[in-house]
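Here you go, sequence then predicted model.
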Amino acid sequence: MTTSYSTILARPGARAFSSAGLIARFPMSMVGISTILAVEDLYGSYTAAGLVSAANFVALAVGAPVLARCVDRYGQSRVMLPALIVSSMSLAGLAVAATAHANLAVLAVLAALAGGLAGSMGSLVRARWTAILTRPEDIHAAFSLEAALDEIAFILGPVLATSLCTTSALPVSSGWMTCLVMQMVGGLWFLSQRATEPVPHPRRPQHAAENAEEAEEAEETAWDSARETAGRRPVLRYGAVTAVIAVFLLLGVMFGANDVAAVAFATQAGHKSASGLVLAVWGVGSFAAALVYGSRTWGWPLWKQLLAGMVALAMGTSSFSLAPNLVVLSVLALMTGLAIAPTLTSGNNIVQVTVAPSQLTEGLAWVSTALNVGVSVGSLLAGQAVDADGARAGYLTVAAFAWTTVLAGIVSLPALRRARTSHPLGDR
């Protein structure tokens with residue numbers, strides 16, 4: 001069965017909130033590189049740049065799931081509007097403080113506030129899709145579309161940030177200020193669209209679930225009722241969710257290691273600037289696959305789709321260390337990138353069909369956070385491997401973590417196989 005993207009985008013408000021979400025998502029791929037470039041230029045120290053960037057990243061990893069839990073309980077606009085304003089003010093303060101050469105502790109605090117209150121825009125957008133769509137194949141297409149838009153942000157974002165921060169005609173803080181504008185414009189536009197905002201699920205006493213209205217809803221959709229009953233458990237108590245978190249953490253390590261290895265390979269080849277091209281074609285492959293993958297419903301259950309994607313990534317990355325030059329490496333990266341979006345979409349779909357509707361934003365935020373944490377760890381580990389034995393050692397690290405991801409998926413199969421492909425009672 002196929003689903004046209006035009007069909008889901010024709011739903012009232014869908015095109016608007018997805019577009020706003022794309023704009024607001026760009027800062028996620030830009031703040032880190034903007035921080036490193038700006039702080040290093042102003043303070044003359046990569047250590048200082050790493051400290052401030054780490055403060056932003058760690059706060060984001062801690063704050064996103066907490067904000068997501070509050071969003072599920074109180075609503076997107078009620079929670080994220082004040083958080084967005086404080087995050088944006090902190091980002092502006094970071095640019096001003098850095099330009100004034102303030103103490104690094106001040107920069108770290110401002111960076112932490114900017115990251116900790118930024119939230120996970122991808123989770124908010126996906127939650128809206130599940131609120132306006134009912135057919136599993138439509139949700140699958142929507143999640144695939146968002147995976148493609150993720151790739152747009154993460155392909156273009158770092159390039160834009162680097163250009164802004166390194167252009168002599170602009171201040172080095174231009175990357176931060178652009179992030180600020182995109183966060184405010186995209187975020188406020190997104191949050192102003194109240195018609196598509198998911199209904200919040202405030203925590204109620206257990207006996208409240210026995211009233212007549214909820215009993216009637218439970219009869220209408222037995223699967224959602226069961227998920228809500230299970231939803232009294234914390235999100236991290238779902239076996240399938242913790243399995244996806246573990247897989248996404250290792251996938252993130254692989255992605256972070258690949259970024260470092262690509263730069264090292266291009267540098268050793270005497271074309272450092274070409275590293276961006278290698279990473280771009282990796283993303284282009286993922287973008288193309290996301291559109292194709294989401295345009296139809298696949299017969300395999302979600303756990304098989306996830307495992308197949310992980311195996312494809314492992315096989316593809318295993319070839320990188322054998323590439324004789326940048327041209328061959330780019331072709332291999334393009335082909336391997338075809339497996340990225342389907343793998344990530346399958347993981348998000350598993351979370352979506354596993355957690356209770358009242359926990360969806362939090363569940364999606366956890367897997368997004370795991371991916372981002374993994375990227376940071378992978379960059380560090382690959383950097384050490386490259387320093388010790390060169391770019392090929394970096395790519396061996398990439399392959400090692402790709403196969404570790406496959407192993408984690410195999411170990412987690414009992415939990416993953418319990419995740420349903422769709423509602424057992426059929427489309428609603």
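Yes, it's here.

okay, CA-based contacts and neighbour counts for the rest of this
Fine.

Could you report the distance from Ala195 to Ala370?
Here the criterion is Cα to Cα, to the nearest Å. By it, Ala195 lies 30 Å from Ala370.

neighbour-wise, which of these two wins?
Ala370 (21 against 11; other Cα atoms under 10 Å).

how much space between the closest residue to the more buried one other than its chain neighbours and Gly374?
Distances taken as Cα to Cα, 6 or more residues apart in numbering place Leu249 nearest to Ala370, at 4.6 Å, with adjacent residues excluded. Distance of Leu249 to Gly374, computed by Cα to Cα: 5 Å.

try Leu60
As judged by Cα to Cα, Leu60 and Gly374 stand 13 Å apart.

before we move on, what about Ser174?
Ser174 is 28 Å from Gly374, by Cα to Cα.

Next: Tyr293.
Counting by Cα to Cα, the separation of Tyr293 from Gly374 is 25 Å.

quick one, which of the two is more surrounded?
Neighbour count, other Cα under 10 Å: between Tyr293 and Gly374, Gly374 has more, with 24 against 20.

Check which element follows whichever helix or strand that one is part of along the chain.
Assigned by DSSP states H and E, Gly374 belongs to helix 360-389. The C-terminal neighbour of helix 360-389 among helices and strands, as given by DSSP H and E, is helix 391-411.

how far is that next one from where the chain is centred?
Distance of helix 391-411 from the chain centroid (Cα atoms, centre = their mean, to the nearest Å) equals 20 Å.

Packing partners of that helix?
With contacts taken as 3 or more Cα pairs under 8 Å, 6 or more residues apart in numbering; DSSP states H and E, helix 391-411 sits against helix 239-268, helix 302-317, helix 360-389.

Between those, which one is closest to Val106.
Closest to Val106 of the helices and strands packed on helix 391-411, according to Cα to Cα: helix 360-389, at 22.5 Å.

quick one: that closest one to helix 239-268, angle?
Per axes from the mean of the first three to the mean of the last three Cα atoms, to 10 degrees, the angle that helix 360-389 makes with helix 239-268 is 40 degrees.

Buried ones in helix 360-389, by neighbour count?
Buried residues in helix 360-389, counted by 16 or more other Cα atoms under 10 Å: 360-379, 381-383, 385-386.

on that earlier part again, just put the helices and strands packed on helix 391-411 in TSV and tack on distance to Ile36 and mean pLDDT.
Below are the helices and strands packed on helix 391-411 laid out as TSV (distance: least, Cα to Cα, whole Å; pLDDT from 0 to 100):
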stretch	distance to Ile36	mean pLDDT
helix 239-268	15	87
helix 302-317	27	93
helix 360-389	13	80
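
CSV please, covering those and showing distance to Ala274.
As requested, the helices and strands packed on helix 391-411 are exported to CSV (distance: least, Cα to Cα, whole Å):
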stretch, distance to Ala274
helix 239-268, 6
helix 302-317, 19
helix 360-389, 18
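
Between those, which one is closest to Phe26.
Here helix 360-389 is closest among the helices and strands packed on helix 391-411 (Cα to Cα), at 14.5 Å.

And the closest one, what does it pack against?
If contacts are counted by 3+ Cα pairs under 8 Å, 6+ apart, helix 360-389 sits against helix 46-74, helix 121-132, helix 239-268, helix 340-354, helix 391-411.

Helix 340-354 and that helix, what's the angle between them?
140 degrees.

Distance from helix 360-389 to the middle of the chain?
That offset, for helix 360-389, works out to 11 Å (Cα atoms, centre = their mean).

and the angle for it with helix 121-132?
Inter-element angle recorded for helix 360-389 and helix 121-132: 150 degrees (by the same axes, to 10 degrees).

Make sure Ala195 is actually in contact with Ala16.
No: in this structure, Ala195 is not within contact of Ala16 by Cα atoms under 8 Å, at 11.1 Å.

List the contacts of the nearest residue to Leu91 once chain neighbours are set aside.
Counting by Cα to Cα, 6+ apart, Leu91 lies nearest to Ala114, which is 5.4 Å off, once chain neighbours are set aside. Each residue near Ala114 by Cα atoms under 8 Å, 6 or more residues apart in numbering is listed here: Asn56, Val86, Ser87, Ser88, Met89, Ser90, Leu91.

Need the three-state assignment for the fourth one.
Using DSSP: H, G, I helix; E, B strand; the rest coil as the criterion, the local structure at Ser88 reads helix.

Next, the contact list for it, please.
Contact analysis of Ser88 by Cα under 8 Å, 6+ apart lists Ala114, Leu180, Gln183, Met184.

Validate this expectation: the first one resides in a strand.
No: with three-state DSSP as the criterion, Ala114 is assigned helix and is not in a strand.

pLDDT score for it?
What the model reports as pLDDT for Ala114 is 95.

where does it sit relative to Ala341, distance-wise?
28 Å.

same thing with Leu113?
Relative to Ala341, and taking Cα to Cα, Leu113 is found at 30 Å.

between those two, which one's more packed in?
Ala341 (29 against 24).

my guess is that one meets Leu149, correct?
No: contact between Ala341 and Leu149 fails when scored by Cα under 8 Å: they sit 10.3 Å apart.

Find residues that contact each of the two.
Contact criterion Cα under 8 Å, 6+ apart; residues shared by Ala341 and Leu149: Phe287.

Find the residue at the geometric middle of this protein.
The chain has Ser368 as the residue nearest its centroid, 4.3 Å off, counting by Cα atoms, centre = their mean.

Show the contacting residues for it.
Ser368 makes contact with Ser120, Ser123, Phe248 under the criterion Cα under 8 Å, 6+ apart.

Please report the distance of Ala61 from Thr336.
27 Å.

What distance do you get for Leu145 to Tyr43?
Relative to Tyr43, Leu145 is positioned 40 Å away (Cα to Cα).

And Leu156, by the same measure?
From Leu156 across to Tyr43, the span is 27 Å (Cα to Cα).

cool, and Val263?
Taking Cα to Cα as the measure, Val263 falls 24 Å from Tyr43.

Looking at the two, which is more packed in?
Val263 (21 against 16).

What distance do you get for the more buried one to Leu67?
34 Å.

next one: Phe248
Phe248 sits 20 Å away from Leu67, going by Cα to Cα.
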